[in-house]
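A.B. asks: sequence and predicted structure are below.
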Amino acid sequence: MSLKDKACLIFKPSRVKSGKAYSFRGEDFTFTRSGIATRYNEQGKIEEVAGGIPRLNYDPADLTKCPHLLLEDSRTNRISNGMSLGSLNKTSVLTIDDQESPDALPGKGVKLNVNTSTGAASYLNSAFGVSSGDQYTVSIYAKAGEFMSFNFHHYGSAGIKVNLQTGKVVHNAGDTTYGTKYVGNGWYRVWMTWTSSQTSSDAVYISPTRIPTDNYASTTSTIGEGIYIYGLQAEEGPIPTSLIKTTGSLASRSLENMNITTLSNIFPQTKATFMIDFSTDDDTSLDSIVIRSSASNYGRAYFYENKFGFADSWGGESITGANSIANSKKTKFIWRLNDDSNGTFFLNGKESNSVSTTTHSWNNIHRIDFMPQCGTMMIDEMYFSADALSSAECIALTSYDDYQELVDRNDLTWESPTITNNRLTALKEL
């Protein structure tokens, strides 16, 4: 018998409507979000999704992958003209609208061209409100034109330089963490994060460079040469989230929440198994998945974005060896209810610790909430069984049989010296 035959509920992101995410088998999930949000559609383009509709988000760099369900916390784009970039402050540049972009709608990109008549540095810049001591992340979509790289700075100095031929950060001027993601058709999303030392406002600067070793545009450049840019965003928080479009005023995306409360046939007894295959960004310790009783949060299992465990009367214990789950890495996690007072964790094909309680019974499971209060959650699959699967079955459900996934999870490449000589043996050891 297949493990899937033992499931009373299987969820894979596929069918949605307002307020609902449908399961393959069993009860469906309730979903809430006030207002629009963006996603990458099946063509790899950015499009807006109406309020209340869950987002099936595709990987724009590999459209052969199945979509995941994207859940995010509330964020505000603090740059009022993040889409109408031509209205930003600019020095020694020309801008031309209606260029290609990652948007599903035409005419949303901007080409940032140097104007060599002054011989000065060319850049766009925009100020935005900040509070000293808080973290901020600024992101931009960029693509090489005649110029192959650009500087991405805040308050005029600290920041990064990016080679748009490779997507690599080739220089960090200090005080920032950063990243890039390829989103198809030559476009990269580039971001930097820092803790602000400003008391009321900060600013971000975008300046094309001819080659990664150039600081600014060369005076020998031809007028009209430059790079393509799209979708500038500044948000409070340590990671970039999905694009929030602004065209003259600030805009926000609301917190998303998904839950299931009809659990009478999932946890009817004192034994059950819950598996989730997903990845997250950010590691702030606030609840993201809560399995709890009907009356209160007493006696609940939780998943923080960087660890698993139990809370309140369940002892606050966390799963052995799981305190640093890397951002954006696929994770398969099982919480197994063994009996009325004992549960066991499994993570990525390994059995971990069990936790017991004598204070609250665990069979009074009323609901499961998914709340990405501090970042981003990307769900690929969920599995529920109204029985406690064996340890061997739990290990099988949480193991990765895709070697490319193992490579990705461990930040390796197929050319890595650790796996070149004997790929399969080395990968199995991971």
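C.D. replies: Received the coordinates, thanks.

A.B. asks: residues in contact with the closest residue to Ser18 other than its chain neighbours?
C.D. replies: Beyond its immediate neighbours in the sequence, the residue positioned closest to Ser18 (CB to CB, 6 or more residues apart in numbering) is Gly52, lying 4.2 Å away. In this view, the C-beta of every residue, glycine as well, is placed from N, C-alpha and C. Going by CB atoms under 8 Å, 6 or more residues apart in numbering, Gly52 touches 18-19, 31-34.

A.B. asks: pretty sure Cys394 sits in a helix.
C.D. replies: Yes - with the criterion set as DSSP: H, G, I helix; E, B strand; the rest coil, the secondary structure at Cys394 is a helix.

A.B. asks: who's in contact with the nearest residue to it once chain neighbours are set aside?
C.D. replies: Sequence neighbours aside, Phe346 is the residue nearest to Cys394 in space, at 4.4 Å (criterion: CB to CB, 6+ apart). The neighbourhood of Phe346, defined by CB under 8 Å, 6+ apart, consists of 333-334, 336, 352, 391, 394-395, 397-398.

A.B. asks: quick one: these as CSV, columns for secondary structure too.
C.D. replies: Rendered in CSV, the data for the contacts of Phe346 read as follows (three-state DSSP):
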residue, secondary structure
Phe333, strand
Ile334, strand
Arg336, strand
Ser352, strand
Ser391, helix
Cys394, helix
Ile395, helix
Leu397, helix
Thr398, helix
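
A.B. asks: weed out the non-buried ones from those residues.
C.D. replies: Buried by 16 or more other CB atoms under 10 Å: 333-334, 336, 352, 394-395, 397-398, out of the contacts of Phe346.

A.B. asks: lowest pLDDT pick from those?
C.D. replies: Confidence by pLDDT is poorest for Ser352 among the buried ones among the contacts of Phe346, given 77.

A.B. asks: follow-up on the earlier one: tell me the confidence at the residue nearest to Ser18?
C.D. replies: The predicted local confidence for Gly52 comes out at a pLDDT of 96.

A.B. asks: can you offset everything so residue one is 54?
C.D. replies: Yes, from this point I'll number from 54; that puts the last item at Gly105.

A.B. asks: just confirm it is within a strand.
C.D. replies: No - counting by three-state DSSP, Gly105 is located in no strand; its state is coil.

A.B. asks: now stretch 88-101, how far from the centre of its chain.
C.D. replies: The gap between the average C-alpha position of stretch 88-101 and the chain average comes to 14 Å, counting by CA atoms, centre = their mean, to the nearest Å.

A.B. asks: what does that stretch rub up against?
C.D. replies: Outside of stretch 88-101, the residues that reach it under the criterion CB under 8 Å, 6+ apart are 102-104, 108-114, 116, 120, 123, 125, 155-158, 236-238, 284, 295-298, 305-307, 309.

A.B. asks: and these, which are buried?
C.D. replies: With neighbours counted using 16+ other CB under 10 Å, the contacts of stretch 88-101 contain these buried positions: 102, 108-113, 120, 123, 125, 155-157, 236-237, 284, 295-298, 306-307, 309.

A.B. asks: that older thread, save the buried ones among the contacts of Phe399 as CSV, and put in distance to Ser253 too.
C.D. replies: Written out in CSV, the entries for the buried ones among the contacts of Phe399 read as follows (distance: CB to CB, whole Å):
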residue, distance to Ser253
Phe386, 42
Ile387, 48
Arg389, 51
Ser405, 47
Cys447, 53
Ile448, 54
Leu450, 51
Thr451, 48
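
A.B. asks: which one among those gets closest to Gln426?
C.D. replies: Gln426 has its nearest neighbour among the buried ones among the contacts of Phe399 in Phe386, at 18.1 Å by CB to CB.

A.B. asks: how far away is that closest one from Tyr194?
C.D. replies: Phe386 sits 32 Å away from Tyr194, taking CB to CB, to the nearest Å as the criterion.

A.B. asks: any idea how far Asn178 lies from Phe205?
C.D. replies: Separation of Asn178 from Phe205 (CB to CB) stands at 11 Å.

A.B. asks: now Asp422
C.D. replies: As judged by CB to CB, Asp422 and Phe205 stand 37 Å apart.

A.B. asks: of the two, which one has the most company?
C.D. replies: Between Asp422 and Phe205, Phe205 has the larger neighbour count (other CB atoms under 10 Å), namely 24 against 19.

A.B. asks: so that one sits right up against Ala211, yeah?
C.D. replies: No - using CB atoms under 8 Å, Phe205 is not in contact with Ala211; the gap is 10.4 Å.

A.B. asks: could you say which helix or strand holds the residue nearest to Cys447?
C.D. replies: Under the criterion of DSSP states H and E, Phe399 resides in strand 395-400.

A.B. asks: how distant is that strand from the center of its chain?
C.D. replies: 26 Å.

A.B. asks: returning to that earlier point: are there residues contacting both of Asn178 and Phe205? Which ones?
C.D. replies: Any residue near both Asn178 and Phe205 by CB under 8 Å, 6+ apart counts here, and that gives 257-259.

A.B. asks: measure the residue nearest to Cys447 to Ala441 for me?
C.D. replies: From Phe399 to Ala441 the distance is 12 Å (CB to CB).

A.B. asks: mutual contacts of these two, please.
C.D. replies: Among the neighbours of Phe399, those also in contact with Ala441 (CB under 8 Å, 6+ apart) are Arg389.

A.B. asks: measure stretch 71-81 end to end?
C.D. replies: End-to-end distance of stretch 71-81: 13 Å, with CA to CA, to the nearest Å as the criterion.

A.B. asks: okay, buried residues for it please.
C.D. replies: Of the residues in stretch 71-81, those with enough neighbours to count as buried (16+ other CB under 10 Å) are 73-74, 76, 79-81.

A.B. asks: show me the strands in the stretch 254-403 of the chain, by range?
C.D. replies: If DSSP state E, counting those that start in this stretch is used as the criterion, the strands of the stretch 254-403 of the chain fall at 254-262, 279-289, 304-306, 310-313, 325-334, 340-345, 353-357, 360-364, 384-392, 395-400, 403-409.

A.B. asks: how about the helices in the stretch 154-303 of the chain?
C.D. replies: Listed in chain order, the helices of the stretch 154-303 of the chain (DSSP state H, counting those that start in this stretch) amount to none at all.

A.B. asks: where does pLDDT dip in it?
C.D. replies: Where the stretch 154-303 of the chain drops to pLDDT under 70, the residues are 169-173, 209-210, 265-274.
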